[in-house]
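Asks: Sequence and predicted structure, then a few things I'm wondering about:
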Amino acid sequence: MELTTILVAIAVFLIVFAWFRRPNPRLPPCPKSPLPVVGHLFYMSRDARPQFKGFRKRCGDMYSLYLGDALVVVLNGYELIKEALVKRADVFSDRPPFFIDMATGIPGKGVVFSNGHTWKEQRSVSLSILRAFGMGKNLLAERIQEEAGFLMNHLASHKGEPIDTRIMTNISTSNVICSILIGHRFEYHDKDFQDLMYRMGCLVSDQQMVSLVNFIPWLRHIPGDFFQAKRITANVQALMQMLNKFIVEKRRHIEDSNEVCNLIDAYTIEKNKKIQSGMPTSLDDESLMKIMFELFIAGTETTSTTIYWCLLYMLHNPNVQEKVHQEIKEKIGTNRAPTIQDKTQLVYLNAVIKETQRLGSIVPLGVTHMCSEEVTLRGYTLPKGTYILPSLDSVLHEKATWGEDASSFRPERFIDGDGKLLVPEEFIPFGTGRRVCLGEAIAKMELFLFLAHMFQRFEFLPPAPGEVPPIKYEVGGVLAPKPYKIRIVDRK
Ligand code: HEM
């Protein structure tokens with residue numbers, strides 16, 4: 001081809017591109033002009049957090065980005081997020097396609113990535129099963145309590161040597177989910193369990209790279225594995241196989257027993273009931289496997305990372321740590337372990353947990369939503385299929401809500417003048433609207449019980465006197481502190 005023909009072709013392409021991507025007053029503004037094919041992709045830094053704050057300053061609460069072909073609208077501030085996810089939940093509650101969902105081989109099943117009727121049915125069945133476990137005898141609290149006991153022994157065994165607690169709390173939160181799903185916990189050195197933990201860890205840390213493939217699917221075909229798409233697929237497949245093995249083993253068990261003691265039993269019973277009644281249903285074994293996979297992924301790292309943040313904040317605020325310990329000593333004493341019934345009494349600990357979740361903001365951009373049809377929001381017209389990023393960060397760190405010291409750790413902001421817990425509606429670390437976190441109740445129970453046990457028994461100190469690890473984070477599936485070490489001293 002002649003050079004002139006190539007130049008003309010490029011010029012025509014650029015003119016057509018500029019025409020289609022000219023500023024559209026019906027859409028929220030873009031912070032910069034998008035490039036052909038890649039859109040704003042090359043403008044995005046690895047840690048988009050500070051960048052997104054800058055975009056908000058420049059464009060206001062609502063702005064558009066093009067990631068490849070995908071139109072992504074970022075929503076900032078509580079009122080706007082509420083307007084979309086709560087008041088217009090009928091249009092803003094779908095999910096777009098996610099690479100990790102494709103990698104399971106059964107996309108669109110389960111809860112996190114499904115839409116429409118399937119999502120409604122799967123979510124409501126899962127939620128009612130989890131609720132039933134948290135009622136009466138309270139299977140959930142019992143299992144968390146038991147796991148907290150194991151964690152305490154494990155932490156004590158290090159005898160005050162500087163250690164990184166992350167893997168230990170990860171094992172504990174993962175074991176809680178295992179107990180709920182399959183009815184038993186694993187020993188720390190169990191080979192299957194270690195494999196499960198390793199693969200899950202890889203999946204979480206690989207999310208940052210693969211997130212671009214969510215918006216620009218063809219990136220996964222680039223030779224090599226720059227975006228970790230192949231590694232993710234291999235880990236997802238291995239995890240799904242393990243979960244399927246558990247289901248097959250448990251199904252044999254459920255045939256000779258009516259006792260419902262795990263999610264597999266409860267889901268299978270519900271599925272059989274629906275099939276026998278002749279009602280059309282989306283409940284099937286693939287969806288069960290998918291839900292188990294999702295609860296593992298969504299339920300382990302999130303809670304464990306919050307504990308990791310809390311300990312780091314305690315190193316920076318030793319007076320807060322002492323106040324929490326004194327409250328526990330006063331209200332419960334040190335002769336018995338804290339229980340879930342103690343929760344309402346420990347106001348200061350509850351405030352510390354909330355402040356950790358607010359400032360830590362471990363899911364800063366929420367989980368992506370998608371418009372199920374064309375919709376008008378604040379005068380802009382968002383086409384069907386627009387990706388929506390609700391910036392939880394923008395709400396949890398908003399000075400107008402939390403005060404000028406919004407970037408400081410101050411649990412007292414969650415306590416009113418009468419010493420009662422005060423939770424403003426802007427406290428939304430679990431999201432808001434129809435897609436609000438399914439595991440919120442479990443996470444709250446875990447955070448309370450694990451931390452109450454920890455602060456009752458131990459004092460947490462920097463690895464060496466005066467060497468407090470800095471508050472720095474790394475970006476992955478969740479926003480976590482950079483690895484740090486801590487000394488855990490038994491108060492006994
Ligand atoms: C501190 C811990 C946790 C935090 C901060 C957290 C946060 C979130 C957020 C922000 C969302 C997205 C909401 C949206 O799409 O608007 C979400 C969804 C979800 N979370 Fe959590 N989560 C936590 C723990 C858990 C646990 C323990 C489980 C399960 C046992 C869980 C299961 C889920 C599921 C299944 C969804 C998807 C709900 C749906 O699409 O309908 N999460 N979570």
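Replies: Perfect, I can see it now.
Asks: what sits against whatever residue of the stretch 101-250 of the chain ends up closest to the ligand?
Replies: The nearest approach of the stretch 101-250 of the chain to the ligand comes at Val112, 4.3 Å away (C-beta to the nearest ligand atom). Glycine gets a C-beta too; all of them are placed from N, C-alpha and C. By C-beta atoms under 8 Å, 6 or more residues apart in numbering, the contact list for Val112 reads Arg95, Asp101, Glu294, Ala298, Val367.
Asks: Can you check the pLDDT for the residue of the stretch 301-450 of the chain found nearest the ligand?
Replies: Of all residues in the stretch 301-450 of the chain, Gly439 sits closest to the ligand, at 2.0 Å by C-beta to the nearest ligand atom. pLDDT for Gly439: 95.
Asks: show me the contacts for it.
Replies: Contacts of Gly439 by C-beta under 8 Å, 6+ apart are Leu130, Leu295, Ala298, Gly299, Thr302.
Asks: what helix or strand is the fourth one on?
Replies: In the assignment (DSSP states H and E), Gly299 maps to helix 285-316.
Asks: Now do the buried residues in that helix.
Replies: 287-315 (16 or more other C-beta atoms under 10 Å).
Asks: Stretch 445-454 now?
Replies: Across stretch 445-454, burial judged by 16+ other C-beta under 10 Å covers Met445, Glu446, Leu447, Phe448, Leu449, Phe450, Leu451, Ala452, His453, Met454.
Asks: got the residues of the protein near the ligand?
Replies: Residues of the chain found near the ligand (C-beta under 6 Å from any ligand atom) are 111-112, 123, 177, 294-295, 298-299, 302-303, 306, 362-363, 366-367, 429-431, 435-439, 442-443.
Asks: 5 Å - rerun?
Replies: For the chain, the contact set with the ligand under C-beta under 5 Å from any ligand atom comprises 111-112, 295, 298-299, 302-303, 306, 363, 367, 429-431, 435, 437-439, 442-443.
Asks: Low-confidence stretches in the stretch 151-300 of the chain?
Replies: Applying pLDDT under 70 to the stretch 151-300 of the chain flags residues 252-258.
Asks: Swap in 90 and give it another go.
Replies: Applying pLDDT under 90 to the stretch 151-300 of the chain flags residues 167, 182-231, 242-262, 279.
Asks: Run a quick neighbour tally on His117.
Replies: 11 (other C-beta atoms under 10 Å).
Asks: Just to check, it is in contact with Leu283?
Replies: No. With contacts counted by C-beta atoms under 8 Å, His117 stays clear of Leu283, the gap being 11.8 Å.
Asks: Glu373 reaches Lys384, doesn't it?
Replies: Yes. In this structure, Glu373 is within contact of Lys384 by C-beta under 8 Å, at 4.9 Å.
Asks: any idea how far Phe186 is from Val260?
Replies: Separation of Phe186 from Val260 (C-beta to C-beta, to the nearest Å): 21 Å.
Asks: now swap in Thr306 and tell me
Replies: In this view, Thr306 and Val260 are 29 Å apart by C-beta to C-beta.
Asks: Which single residue in the stretch 151-300 of the chain comes nearest to the ligand?
Replies: Closest point on the stretch 151-300 of the chain to the ligand, by C-beta to the nearest ligand atom, is Gly299, at 3.0 Å.
Asks: Setting the sequence-adjacent residues aside, check what's closest to that residue.
Replies: Residue nearest to Gly299 in three dimensions, not counting chain neighbours: Ile177, with 4.6 Å by C-beta to C-beta, 6 or more residues apart in numbering.
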